[in-house]
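K.L.:
need a 3D model of the following:
(chains A, B and C)
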Amino acid sequence: MTVVTLLTDFGHKDPYVGVMKGVILGIAADARIVDVTHEVGAQNLREANFALHGAWHYFPAGSVHLVVVDPGVGSERRILAVAYGGHLFLAPDNGVLSGICDAAGAESRVVTAQRFFRAGKISRTFHGRDIFAPVAAHLAAGRARFDELGEMISDPIRLEMPEPALRQDGALAGRVAHVDAFGNLITNVRESMLGGSGRAIASVELLGHRLEAPRESYASVAPGQPLTIIDSFDYLEIAVRGGSAAAHFNARVGDEVRVRFA
Amino acid sequence: MTVVTLLTDFGHKDPYVGVMKGVILGIAADARIVDVTHEVGAQNLREANFALHGAWHYFPAGSVHLVVVDPGVGSERRILAVAYGGHLFLAPDNGVLSGICDAAGAESRVVTAQRFFRAGKISRTFHGRDIFAPVAAHLAAGRARFDELGEMISDPIRLEMPEPALRQDGALAGRVAHVDAFGNLITNVRESMLGGSGRAIASVELLGHRLEAPRESYASVAPGQPLTIIDSFDYLEIAVRGGSAAAHFNARVGDEVRVRFA
Amino acid sequence: MTVVTLLTDFGHKDPYVGVMKGVILGIAADARIVDVTHEVGAQNLREANFALHGAWHYFPAGSVHLVVVDPGVGSERRILAVAYGGHLFLAPDNGVLSGICDAAGAESRVVTAQRFFRAGKISRTFHGRDIFAPVAAHLAAGRARFDELGEMISDPIRLEMPEPALRQDGALAGRVAHVDAFGNLITNVRESMLGGSGRAIASVELLGHRLEAPRESYASVAPGQPLTIIDSFDYLEIAVRGGSAAAHFNARVGDEVRVRFA
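P.N.:
Residues are numbered from 1 along each chain as shown, chains lettered A, B, ... in the order given. Sure thing, here's the model as predicted:
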């Protein structure tokens, strides 16, 4: 019973996700299908990439991860399959697999084996149903091997991802990478960028506000108070206990976050 | 492992859908339950019917499709079971199965066999839990046969569905039937109404705007530009590349779409 | 194939729920995971408690019910496991299991057996992933017994829940406990509080409006008209046929509902 995860920008209003599941179960009756999220902003590749990075390694080895955020559907953009860390990934070749396809040990292939696509007409607007779901299902059912999908490639498209940078004054300048449903501000500053040199954090600045060094838990400040914390995915996070940091600071994705060291 | 699909207007806030799944798994422990959508507008039969038509035939033969959009719950409205195309359908007899119950080869029955309902009190407000889910589960588990559910009927209720009509000037007048989560405008004009006679489309008109003949893919226009296209369900669609046609044209369900031929 | 239900305030935007499912399937590959709801208001314990009460007993005996609404995550709050009615429950010890942990025959334990937690670092912000999901999965897979989780306790935290009260004038004063997605107003007045003494209801008052005694079904009034009804969970409900009572009365959770008897 192979796990197939789904990550799209389809939302929950339309039957599109259900249709993909129907196609998968028609080929791989035993597949365990799990939704990662379908509420990625429309055609927002960075947001999809961020969600994928947070999720995939918590699934059992052998899982097939399907990402359908596909602004180029129907164009000549390639279809990408990646094997990495004992998992398989399928997505449009548009950068959404950045950080996976270019990781050490990853193998990327361009999917061209049409015998694993849906039989009959392939639409120009819904490859999730006609190509991605069938290929994922064939992999999950053991009816397709990864190396049968198509030729190896070395040039999958990468997203340009803004990385935190050291400023002349010694501060580390990152940004808000994601605002979660609680209003927590997840930055692109990883714990490994902070502690590696043993430097203690003096403060974290956001939109003119100065916050203290990371706390051990939300409960270490009073309700309604802001704090910084290293979150459960090892990112520096700005939060408000029992509230929304996004509302508290009127902050959004892309806002600069500056870390000052002692 | 029979697939049971669920299509309701219950939304995701309340535990109603989860409760139906609990009831199903209590009777058919092996059933594979798939959500088609639960975000149909409250008691919107047309929207539910549209979603069902787009979805059911992508599921494996033998699937049981449960539609609970039920403004008449607790009244004397009948409960309808339909066998069609190797699939089974269960819904209130309120028109939501239009186009399926009246298709050639479909067999309709009124569900009266109370031994397949939930044991104990049947509520007057939640037949999804007390009648539809148990009957679907008995079918999925092979503990009920379709012909045991009740008597055949020939008069299931049909929705009055506005169909595209030819105008005196030769144009085909349809309407926006659905706005999807991307803001794509799905019309009720099917590809078969356009190409059968070999007539080329000259233009498509919506709210005073004139659009060109259908393109092959979204990518055939520049980002932000509108286009028409035959979508993946064979409907004429009005879209904006990388954007929302609903916002671009301030359009909504019911707006007239006029197709002019060359 | 044990059922594991999930009830959280995580919403559907972030991959948090998917991650928990990945962790569960890595330990209990056969578990049947069902979402009860993930749209409980952020850190709203009463709303979570209400949803749980409506849902759990419709699942098969042996199910494991996981409730992760956890404002105290990372603090010293305990983790609670309860066995009741042939079901198992896991949640933070914050009152969210009120009415279950204190029911006759319920057995409560504080979960301390770290061998059932996720291997490696336990985060201070996401116990749903690192503690609750693994423990639930070990239970579901039969790899942990309830009595191995930790010591029995007799003092789990209870929510203070406002109960309907008899006023001097003989009226029963309850409140709106939940507004569902249809806008139905579910009160905290149970059928058993109304009919036990054989007293007939004369009227129901809400925000200065006077409604008649409960009807048998929504269809017993004209479309657009308000009514009272005993709902499918045995609560007194105020509804509008084919509409939203919340909008009609501009009502919200906490508003007083007064039942007058004949």
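
K.L.:
for the closest residue to chain C within the stretch 151-262 of chain A, which residues are in contact?
P.N.:
Here the stretch 151-262 of chain A gets closest to chain C at one residue, A:S217, 2.8 Å apart by Cβ to the nearest Cβ. Where C-beta positions appear, they are placed from N, C-alpha and C, glycine not excepted. Counting by Cβ atoms under 8 Å, 6 or more residues apart in numbering or on different chains, A:S217 makes contact with A:229, C:73-75, C:124-125.

K.L.:
which parts of chain A sit against chain B?
P.N.:
A:10-19, A:21-23, A:25-26, A:29-30, A:33, A:42-43, A:71-75, A:123-126, A:129-130 (Cβ under 8 Å from any Cβ of the partner chain).

K.L.:
excluding sequence neighbours, find me the nearest residue to the residue of the stretch 151-262 of chain A closest to chain C.
P.N.:
The shortest distance from A:S217 to any non-neighbouring residue, by Cβ to Cβ, 6 or more residues apart in numbering or on different chains, is to C:G74 (2.8 Å).

K.L.:
over to A:P92?
P.N.:
A:D70 (4.5 Å).

K.L.:
tell me the confidence at the one you found?
P.N.:
Looking at A:D70, its pLDDT stands at 95.

K.L.:
follow-up on the earlier one: which of the contacts of A:S217 lies at the shortest distance from chain B?
P.N.:
Using Cβ to the nearest Cβ, the contacts of A:S217 come closest to chain B at C:V73, 22.7 Å.

K.L.:
now the strands for the stretch 101-250 of chain A?
P.N.:
Secondary structure of the stretch 101-250 of chain A (DSSP state E, counting those that start in this stretch): strands located at A:107-110, A:152-153, A:165-166, A:172-179, A:185-190, A:201-206, A:209-211, A:226-230, A:235-240.

K.L.:
ranking the ones you listed by burial, who's on top?
P.N.:
strand A:235-240 (a mean of 25; mean count of other Cβ atoms under 10 Å in any protein chain shown).

K.L.:
output the lowest mean pLDDT helix or strand found in chain A.
P.N.:
Ranked by mean pLDDT, DSSP states H and E, the weakest helix or strand in chain A is helix A:191-195, scoring a mean of 84.

K.L.:
what residues of that helix count as buried?
P.N.:
The neighbour-count check on helix A:191-195 (16 or more other Cβ atoms under 10 Å in any protein chain shown) flags A:193-194 as buried.

K.L.:
report the secondary structure state of the residue nearest to A:S217.
P.N.:
Following DSSP: H, G, I helix; E, B strand; the rest coil, we place C:G74 in the coil state.

K.L.:
kindly report the same for the one 3 residues further on.
P.N.:
Secondary structure of C:R77, reduced to three states by three-state DSSP: coil.

K.L.:
which residues does A:D234 contact?
P.N.:
A:190-192.

K.L.:
do that again at 7 Å, thanks
P.N.:
Applying Cβ atoms under 7 Å, 6 or more residues apart in numbering or on different chains, we find A:D234 in contact with A:190-191.

K.L.:
ramachandran angles for it?
P.N.:
With angles defined as degrees, to the nearest 10, A:D234 sits at phi 70, psi 20.

K.L.:
what sits up against stretch A:40-50?
P.N.:
Taking Cβ under 7 Å, 6+ apart as the rule, stretch A:40-50 contacts A:7-9, A:51, A:67, A:69, A:71, A:94-96, A:98-99, A:159, A:177-178, B:182, B:242.

K.L.:
restricted to buried residues, select those residues in ChimeraX.
P.N.:
Remark: buried members of those, expressed as a ChimeraX selection using 16+ other Cβ under 10 Å:
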select /A:7,8,9,51,67,69,71,94,95,96,98,99,177,178 /B:182,242
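
K.L.:
return the subset of the contacts of stretch A:40-50 lying in helices.
P.N.:
A:A51 (DSSP state H).
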